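Visitor: no letters, just coordinates:
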């Protein structure tokens, strides 16, 4: 009995040391990720991969509304790949695409029956009732908790995470989005300059 009492402080101190080391390594990694998004080389890598993804979208030739959505999805997907799965939000973006593919495949293979349709209508009503209860609960929460909940919805993969995780992921996600905006702005400027020079050269009259 006495031996266990003596050994407990040692194990507790070891656990606290491990937790401190883990927190220090996580904070160091998050700082490295944020500085990574500000580097010029990372922006160039992202831009080259984004051009490849956009060429694939243009080759598919979808309609105008679908093309805009496909461009957004391609830009986010390339951003998640650039993060190399080190963050929760990048893994959530990549897994979300796989889930959508699985759902589409399931919808194609599913055969609807009348009983299933009736059950679906009943479940739809229960879902609406549950949704209204959740909205009432959300309104009764304090203002800070409501803001944290909204932030968790905005950052992919952070809907049910604690505040420290949401804050860390949001900081990295914002830095990544800023890099994405810079890269896409630079690409748009290059395309506009290239398009203007080509149109002016085609409009110029031939010299005699």
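Guide: Yep, it's here. The structure displayed is predicted, hence computed values, not measured ones. Numbers count the residues shown, from 1 in each chain.
Visitor: so, low pLDDT: which residues of the protein?
Guide: 1-13, 15-33, 61-62, 64, 98-140, 195-208 (pLDDT under 70).
Visitor: switch to 50 and redo it
Guide: Low-confidence segments of the chain (pLDDT under 50): 4-7, 111-120, 131.
Visitor: the helices in the protein, which residues?
Guide: 2-38, 40-60, 64-82, 88-109, 114-140, 143-154, 163-203 (DSSP state H).
Visitor: mind listing what's buried in the shortest one?
Guide: Translated: helix 143-154. 148, 152 (16 or more other CB atoms under 10 Å). Where you see a C-beta, it was placed from the backbone N, CA and C, and this is true even at glycine.
Visitor: which strands and helices lie in contact with that helix?
Guide: helix 163-203 (3 or more CB pairs under 8 Å, 6 or more residues apart in numbering; DSSP states H and E).
Visitor: the helix it packs on to helix 143-154, inter-axis angle?
Guide: Angle, helix 163-203 to helix 143-154, by axes from the mean of the first three to the mean of the last three CA atoms, to 10 degrees: 50 degrees.
Visitor: helices and strands around helix 163-203, which ones?
Guide: By 3+ CB pairs under 8 Å, 6+ apart, helix 163-203 packs against helix 2-38, helix 40-60, helix 64-82, helix 88-109, helix 143-154.
Visitor: now the second one against helix 64-82, angle please.
Guide: Between helix 40-60 and helix 64-82, the angle formed by their directions is 150 degrees, by the same axes, to 10 degrees.
Visitor: so what touches helix 40-60?
Guide: 36, 67, 70-71, 74-75, 77-79, 81-82, 179-180, 182-184, 186-187 (CB atoms under 8 Å, 6 or more residues apart in numbering).
Visitor: make it 7 Å
Guide: With CB atoms under 7 Å, 6 or more residues apart in numbering as the contact definition, helix 40-60 has outside contacts at 36, 67, 70-71, 74-75, 77-79, 81-82, 179, 182-183, 186-187.
Visitor: just the buried residues of these.
Guide: 36, 70, 71, 74, 75, 77, 78, 79, 82, 179, 182, 183.
Visitor: list just the nearest of those residues to residue 164.
Guide: For those, the closest approach to residue 164 (CB to CB) belongs to residue 36, at 21.0 Å.
Visitor: got a list of what residue 83 touches?
Guide: 90, 176.
Visitor: got the phi/psi numbers for it?
Guide: Here the main-chain torsion angles of residue 83 (degrees, to the nearest 10) amount to phi -70, psi -10.
Visitor: could we number from 48 for the rest of this?
Guide: Okay, using 48 as the starting number, the last item reads as residue 130.
Visitor: make a markdown table out of the buried ones among the contacts of helix 87-107 and add distance to residue 203.
Guide: Below are the buried ones among the contacts of helix 87-107 laid out as a markdown table (distance: CB to CB, whole Å):
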| residue | distance to residue 203 |
| --- | --- |
| 83 | 18 |
| 117 | 18 |
| 118 | 18 |
| 121 | 15 |
| 122 | 14 |
| 124 | 11 |
| 125 | 14 |
| 126 | 10 |
| 129 | 14 |
| 226 | 16 |
| 229 | 20 |
| 230 | 19 |
